[in-house]
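Asker: only the shape, not the letters, is given here:
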C-alpha cells in the first residue's frame, strides 16, 4: 500500500504541531531530588526505566484479553522487549552507582497519568499503544542517546531497536484484514495516541535541550515520519 | 531462623497429601488434539509455555499496585524470568516445527482456572504466588526434564533455574519485618497456594508417568521440601 504521507508532509505536520504549542507552558520534569553532577543522564535513565516498566505492565494487563492465542503470544513479545529494555537500563543505573527506584520515582506520576489515558480500552487498542506509543518513545530515547556520554551510548546502543515490530504488525494487520471496523477504530485511536505521546516526548526532550528548541525540529519530523510508516504498515493512515 | 520442618517432615506431609487423594479421580490433561509421535513432549512444552505466559501476565497485573517502587521493580524481575522461560520454551516448540499457539491451547482452560484462584487479592499475595506457585512448578518442570529427549533436555537445562528468588525474598522479607500482619496473612496464603499448586503439579506429572505413580513419591517429597525452604526464607512456616 502506498501512503499519501511522505517525509515533507511529516515535516509540515511536525511544524504545525510544534507551532500550536507554547513550550513555556509545558510542565517541567521534576528533577529536584537529583543531585548528581550529570542530572540529565539520571533523568534520562530514570524516565526510560520507568517508562519501559510501565509499558510491560500495560501489556501484562492486556494479554489475557487477547482474542486469539497468537495475539496473546505477541502481547508477550511486546512485554518481553519492554522488560529487556527496562532491565538493560536498570543495569546501567546500577553500574553508575545509582538507585533504580530513586531515579524512577520522579517520573512515576507523569507517566502513570499518561499511560492511564493511553493504555487502551481493549486488547486491540492496547496493542496499538504498545506499537505506536512505545515506537515513538523508543525512537525518541534512541535519538537522545546522542547527547549522553560515549560509554553509556555504546552500552545502550541497541536497546531501543524495534525488534518486536514485525510480530505486532503481522498480528494486528491480520485482525484488521478480517474486520475493517477494527481498522477504522484503530486509526482513530492512533491519532489520539500520537498527540498524547508527542506531548510526553517533548517534555522528555526539553530537559536535554532547554535552550535550543528550534534545533529539535528535525527530530520531530523524524519521529512523525517513523510513526507514519508504522501506521502504514498496518494499512492505516496516520 | 530455624524451621520446625525438615526433610523427614516434608516426606510425611507428602505421603499424607498423596494418600488423601485418589489419582483415579484426577481430571486427565486434554491430549486429544495432539498427534505427534511424542505427545508427552508436546504436552510438556505447551503446558510450560502457557504457564509461564500466564505467570508474567499475573505479575504485570500486580506490578502497578506495588506499595513501593522497589516492590514494583521486583515484580518486573519475576515477570522477566517468567517471560524468559516462556520465550525459551516457545523457541523450542518452533525448533521442533510445532505451532506454539496450538500446543498451548489445550492447557488454557485449566491454567486460567488455576491462576484465577491463585493470583492473589493484592500485591503481597500476588508476589507470594510468583514465588511459591512458580517455584513449585518450576521445580516440577525442571524435574520432568529428565524424561525428555537428551537434546531437548540439554537446551532447556537452565530454563527453570530459580534466579529470581533472592530479589523476591529480600523484598518480601522486608515488608514482613515491617508489618507482622503481612507475614501471618502470607503464611495462610502460602498454605492455600501449596495445596492448589500440588494438585496442578500432580496432573502435569500424571501425563509423564501414568503407570507408576508410586515411583513419584520422592518427587513430591523434594517439591515440598523446596517449598518449605522457600517459606523459611521469608521467616514463615509452610
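Answerer: Alright, I've got the coordinates. This structure is a prediction, so every number in the text was calculated from the model and none was measured. Numbering: from 1, shown residues only, chains lettered A, B, ... in the order given.
Asker: which bits of chain A sit near chain B?
Answerer: Residues of chain A found near chain B (C-beta under 8 Å from any C-beta of the partner chain) are A:53-54, A:56-61, A:63-64, A:68-70, A:72-73, A:76, A:79-80, A:83-84, A:86-87, A:90, A:100-102, A:104-105, A:108, A:112. Every residue, glycine included, has its C-beta placed from N, CA and C.
Asker: show me what the helix or strand where residue A:125 lies is packed against.
Answerer: If you go by DSSP states H and E, residue A:125 is part of helix A:123-128. Contact here means 3 or more C-beta pairs under 8 Å, 6 or more residues apart in numbering or on different chains; DSSP states H and E; on that basis helix A:123-128 packs against helix A:39-63, helix A:69-95, helix A:165-178, helix A:180-208.
Asker: quick one: secondary structure of residue A:120?
Answerer: Following DSSP: H, G, I helix; E, B strand; the rest coil, the label given to residue A:120 is coil.
Asker: got a list of what it touches?
Answerer: A:58, A:62, A:126, A:127, A:128, A:129, A:189 (C-beta atoms under 8 Å, 6 or more residues apart in numbering or on different chains).
Asker: report the contact partners of residue A:198.
Answerer: Applying C-beta under 8 Å, 6+ apart, the residues contacting residue A:198 are A:17, A:136, A:220, A:223, A:224.
Asker: so for stretch A:96-106, first residue to last residue, what's the gap.
Answerer: 18 Å (C-alpha to C-alpha, to the nearest Å).
Asker: do stretch A:172-188 as well
Answerer: End-to-end span of stretch A:172-188 (C-alpha to C-alpha): 15 Å.
Asker: quick check: mean pLDDT of it?
Answerer: Here stretch A:172-188 scores 96 as its mean pLDDT.
Asker: would you mark the buried spots in that stretch?
Answerer: Going by neighbour count (16 or more other C-beta atoms under 10 Å in any protein chain shown), the buried part of stretch A:172-188 is A:172, A:175, A:176, A:182, A:183, A:185, A:186, A:187.
Asker: and it, how far out from the chain middle?
Answerer: 21 Å (C-alpha atoms, centre = their mean, to the nearest Å).
Asker: picking that back up, which of the helices and strands packed on helix A:123-128 sits most buried?
Answerer: Most buried of the helices and strands packed on helix A:123-128 by mean neighbour count (mean count of other C-beta atoms under 10 Å in any protein chain shown) is helix A:39-63; its value is a mean of 25.
Asker: elements contacting that one?
Answerer: Here helix A:39-63 touches helix A:69-95, helix A:100-104, helix A:108-118, helix A:123-128, helix A:134-144, helix A:180-208, helix B:39-63, helix B:69-95, going by 3+ C-beta pairs under 8 Å, 6+ apart.
Asker: got CSV for those, with distance to residue B:238 too?
Answerer: Listed next are these as CSV, based on distance: least, C-beta to C-beta, whole Å:
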stretch, distance to residue B:238
helix A:69-95, 30
helix A:100-104, 30
helix A:108-118, 36
helix A:123-128, 38
helix A:134-144, 41
helix A:180-208, 46
helix B:39-63, 21
helix B:69-95, 20
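Asker: quickly, which of those helices bottoms out on average pLDDT?
Answerer: helix A:180-208 (a mean of 90).
Asker: can you state the direction angle for that one and helix A:134-144?
Answerer: 20 degrees (axes from the mean of the first three to the mean of the last three C-alpha atoms, to 10 degrees).
Asker: next, the angle from helix A:180-208 to helix A:108-118.
Answerer: Going by the same axes, to 10 degrees, helix A:180-208 makes 160 degrees with helix A:108-118.
Asker: next, the angle helix A:165-178 makes with helix A:180-208.
Answerer: Using the same axes, to 10 degrees, helix A:180-208 lies at 150 degrees relative to helix A:165-178.
Asker: next SSE after helix A:180-208?
Answerer: Counting by DSSP H and E, the next helix or strand C-terminal to helix A:180-208 is helix A:217-233.
Asker: would you mind listing the buried residues in that following helix?
Answerer: A:219-228, A:230-233.
Asker: also stretch A:94-103?
Answerer: Buried residues in stretch A:94-103, counted by 16+ other C-beta under 10 Å: A:98, A:100, A:101, A:103.
Asker: so what's the closest residue to residue A:136 other than its chain neighbours up against?
Answerer: Sequence neighbours aside, residue A:197 is the residue nearest to residue A:136 in space, at 4.7 Å (criterion: C-beta to C-beta, 6 or more residues apart in numbering or on different chains). Residues in contact with residue A:197, defined by C-beta under 8 Å, 6+ apart, are A:118, A:132, A:133, A:136, A:137.
Asker: which one of those residues is nearest chain B?
Answerer: For the contacts of residue A:197, the residue nearest chain B by C-beta to the nearest C-beta is residue A:118; the value is 14.3 Å.
Asker: surely the closest one meets residue A:133?
Answerer: Yes - counting by C-beta atoms under 8 Å, residue A:118 does reach residue A:133; the two are 5.7 Å apart.
Asker: comparing these two, which residue is more hemmed in?
Answerer: Neighbours were counted for residue A:118 and for residue A:133 using other C-beta atoms under 10 Å in any protein chain shown; residue A:133 has more, 26 against 21.
Asker: would you confirm that the more buried one contacts residue A:192?
Answerer: No - with contact defined as C-beta under 8 Å, residue A:133 does not reach residue A:192; the gap is 10.2 Å.
Asker: between these two, what contacts are shared?
Answerer: Counting by C-beta under 8 Å, 6+ apart, the contacts common to residue A:133 and residue A:192 are residue A:118.
Asker: list the buried residues for stretch A:103-114?
Answerer: Those would be A:103, A:104, A:105, A:106, A:107, A:108, A:110, A:111, A:114, for stretch A:103-114 by 16+ other C-beta under 10 Å.
Asker: how about stretch A:135-148?
Answerer: A:135, A:136, A:137, A:138, A:139, A:140, A:141, A:142, A:143, A:144, A:145, A:148.
Asker: three-state assignment of the nearest residue to the fourth one once chain neighbours are set aside?
Answerer: Pointing back at residue A:138 there. Nearest residue to residue A:138 in three dimensions, chain neighbours excluded: residue A:160, at 4.2 Å (C-beta to C-beta, 6+ apart). Classification of residue A:160 using three-state DSSP returns coil.
Asker: relative to residue A:171, how far out is residue A:160?
Answerer: Applying C-beta to C-beta, to the nearest Å, the value for residue A:160 to residue A:171 is 21 Å.
Asker: for residue A:70, same thing?
Answerer: For residue A:70, the distance to residue A:171 - C-beta to C-beta - is 6 Å.
Asker: lovely, talk soon.
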